[in-house]
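1. here is my input, please return the structure:
(2 chains)
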There are 2 protein chains.
Amino acid sequence: MAGQIESLEKILEEHIPPEKLKDVKRLLFGKELRALNIPKAAEQLALEKDFEVQGYGFDAAEESSRSPNIVRIGGIQNKIVLPTTAPILEQRDALFKRISDIISGAALCGVNVLCLQEAWTMPFAFCTREKQPWCEFAESAEDGASTKFLQELAKQYNMVIISPILERDEERGDVLWNTAVVISNTGQVLGKSRKNHIPRTGDFNESTYYMEGNTGHKVFQTQFGKIAINICYGRHHPLNWMMYATNGADIVFNPSATVDGLSEPMWPIEARNAAIANSYFTCGINRVGSESFKSEFTSGDGKPAHHDFGHFYGSSYIAGPDGSRTPGLSRVKDGLIFAEIDLNLCRQVRDKWGFRMTQRLDLYAEEMREAIRSDWKPDLVTDSSSRNRFL
Amino acid sequence: MAGQIESLEKILEEHIPPEKLKDVKRLLFGKELRALNIPKAAEQLALEKDFEVQGYGFDAAEESSRSPNIVRIGGIQNKIVLPTTAPILEQRDALFKRISDIISGAALCGVNVLCLQEAWTMPFAFCTREKQPWCEFAESAEDGASTKFLQELAKQYNMVIISPILERDEERGDVLWNTAVVISNTGQVLGKSRKNHIPRTGDFNESTYYMEGNTGHKVFQTQFGKIAINICYGRHHPLNWMMYATNGADIVFNPSATVDGLSEPMWPIEARNAAIANSYFTCGINRVGSESFKSEFTSGDGKPAHHDFGHFYGSSYIAGPDGSRTPGLSRVKDGLIFAEIDLNLCRQVRDKWGFRMTQRLDLYAEEMREAIRSDWKPDLVTDSSSRNRFL
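-> Next up, the predicted model:
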């Protein structure tokens, strides 16, 4: 963690005078959100177990024909617990224990829908390109160890839990997937949503391990709202965000694992842009810390082989349909970000801005249908009047 | 301008200590850009004529098989010059004169492709819903006064100029459009691109004046790169940004007119997200200042009738495909933002991140084709195990 700053927000709070800080925050984060009281028991637990808790309220206007539709959503970011050289089951069980503690904090904060980080049961070992032992972390979405473990907590806390894991599809040829399992607040597995877009960049050799998802853009209608999951690299794809909106999502989680030096300037932009463009809430969750592996590996950047993944910079946040967002969690510490949201805000913003109405989906369906034809030509107007270096 | 802060960037520079400012800027703006020297003559002109000039360099790696492909792109933001009660032609001619000065500054800075703000020849009178006298500002894209005026300057300065105007299509029933005219550096009208998405929000009663554009997503292959124009409200639509990329754009301008209290938290997000998602450069341009109208009008917000439009907050900026961006121009002052960009960066980022390759356009073409059918149903998984308030 040496040399890692804790967060942008802390620096701003420390140095900008209060009368200007209000303007700075408005320009950077939009409408000021209501800071929520963290229950004493949760604060105490967070202190004991060394994780951060931040909670904010996104309010909506009152309506005559609909009651407020208030739910609490949350995301957990965390480091791995044991070294990656420990036995696989020990590594996994240590993570279960750690996550169990933070989930109980989320329960104390009244969180109704909670999402964990991408591949939360394991180190992000895809940098190594080794299949063993890492594939051993893969498990059934329906009745793997992590699903069973979380089903109990979901029931206990009356909480919908989204569990992004490395999935083993035993029934279909032992295929691996990057999958989010959606566990109802009753403890039932409601379904799963697979990662639609797979990176091939730097240490993210994920296409070595699993293929593009085949579950489409399912939305899960839970007791606490219509939710969907856009896993990690899918956040770079506006079409992916959009299709969850088309299917009716009001909240889209983006469980991720990404490192500084690669994606950090994009991180505050993408999930927030998705919230704006689709008039829904988004919650971006990124793991924390650096992970070290026994075998050395290279990063496709001309640099020498090494053992350490870059720094996963946390900075998880929640963004609203009106362009507002929470501060980010720490760049270096485990944490829980949660928000009390009035789902009515989604329709209110849709009515105000009209993005869905003005979207012209028919135009784009047609243009895209053309664009995928092998005889398609781009709509280019060339300048024959100029010495054109492109001609 | 009372009570308007000048810019976020100025506050940060003033209060954050230098050793931390570097981190703050990296987190907010991405990779540090090269500040360009502003030529003395341009600085002098800017001082005399009271406008701001900022220029930055976006560099790319050297390649063996392609030479650097360096062009300078720019955008101009400005207030109207005369009161909106002055005779129409006087208002327009005063803007011609003002813009002529700033364009000559852009020429001194070596700008090759320059974009003006949306409907730059007129006040943004659409808040009034009055047709007269405002429709008198409309003119032919091919041979209207503003096109003729800019053709001379384009030739004189060897500069591609994008001129967003209120277009009168005389040949087709006097129809009005919100249109960007693309004028080649040879002075020829290369073509035009009409606004695809029209707002119906607050003071932006634009659907009262013109309809959704029918020119699709044309890209103009100029001597200085493949450019496209996403006008104003189109920036809220990721599909719009995307289709220009599909047609091959390396630079997309977003000439706009938008006010604080409405869109300001979205402004730094949308054009920048588009640059990231599409691996191209974007340039967001917003007008400046407040505009006052003779007839009072209401804003659809329950507040009393009034004469003033909100504050157009400027803040024009340029964003790169790698997530970096320039600071914004002033929120209160006319200005020129320009950048020296190596177009090779677009392909380099495409190769690094692979967004186009992993985009799955065929999947989305199919899902969208389904979604526009009248018998389509969203892909919703409902939770029958839970007391579901949505069921």
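2. what does the residue lying closest to residue A:243 once chain neighbours are set aside show for phi and psi?
-> With Cβ to Cβ, 6 or more residues apart in numbering or on different chains as the criterion, residue A:243 has its nearest non-adjacent residue at 3.9 Å, and that residue is residue A:217. C-beta: built from backbone N, CA, C; applies to glycine. Main-chain dihedrals, residue A:217, degrees, to the nearest 10: phi -130, psi 60.
3. and residue A:217, how far is that from residue B:268?
-> Residue A:217 sits 28 Å away from residue B:268, going by Cβ to Cβ, to the nearest Å.
4. of these two, who's got more company?
-> residue A:217 (28 against 24; other Cβ atoms under 10 Å in any protein chain shown).
5. if I look at the more buried one, what pLDDT would I see?
-> The score at residue A:217 is 98. That number is its pLDDT.
6. residue contacts, it?
-> A:196, A:228, A:240, A:243, A:244, A:246, A:247, B:367, B:379 (Cβ atoms under 8 Å, 6 or more residues apart in numbering or on different chains).
7. pLDDT score for the last one?
-> At residue B:379, the predicted lDDT confidence score is 97.
8. swap in the fourth one?
-> Model confidence at residue A:243, given as pLDDT, is 98.
9. touching, it and residue B:364? I think so.
-> Yes: counting by Cβ atoms under 8 Å, residue A:243 touches residue B:364, with 6.7 Å between them.
10. got phi/psi on the residue most central in space within chain A?
-> Closest to where the C-alpha atoms of chain A average out (Cα atoms, centre = their mean) is residue A:254, at 2.1 Å. Per-residue torsions, residue A:254: phi -130, psi 80 (degrees, to the nearest 10).
11. and for the one 4 residues further on?
-> Per-residue torsions, residue A:258: phi -150, psi 150 (degrees, to the nearest 10).
12. name the nearest residue to it, sequence neighbours excluded.
-> Counting by Cβ to Cβ, 6+ apart, residue A:286 is the residue found nearest to residue A:258 once chain neighbours are left out, at 5.7 Å.
13. wouldn't the one you found be in contact with residue A:311 here?
-> No: look at residue A:286 against residue A:311 with Cβ under 8 Å: they stay out of range, at 10.7 Å.
14. returning to that earlier point: per-residue pLDDT of the residue nearest to the centre of chain A, please?
-> On the pLDDT scale, residue A:254 gets 98.
15. separation between it and residue B:270?
-> For residue A:254, the distance to residue B:270 - Cβ to Cβ - is 18 Å.
16. what are the bridge partners for the nearest residue to residue A:34 once chain neighbours are set aside, then?
-> Leaving aside its sequence neighbours, residue A:34 sits nearest to residue A:57 (Cβ to Cβ, 6+ apart; 3.5 Å). Beta-bridge pairing for residue A:57 (DSSP bridges): residue A:34, residue A:340.
17. next up, the contacts around residue A:57.
-> Taking Cβ under 8 Å, 6+ apart, one finds A:33, A:34, A:35, A:36, A:339, A:340, A:341 in contact with residue A:57.
18. okay, now the residue nearest to residue A:258: neighbour count?
-> Residue A:286, neighbours per other Cβ under 10 Å, totals 27.
19. and it, how far is that from residue A:296?
-> 25 Å.
20. next one: residue A:315
-> Counting by Cβ to Cβ, the gap from residue A:315 to residue A:296 is 28 Å.
21. and the two? Which one has more around it.
-> residue A:315 (27 against 11).
22. let's see the pLDDT reported for that one.
-> Per the predicted model, pLDDT is 98 at residue A:315.
23. repeat for residue A:2
-> 54.
24. just residue A:391 next, same as before
-> pLDDT, residue A:391: 49.
25. chain B contacts on the stretch 51-200 of chain A?
-> A:182, A:184, A:185, A:186, A:188, A:190, A:191, A:196, A:197, A:198, A:199, A:200 (Cβ under 8 Å from any Cβ of the partner chain).
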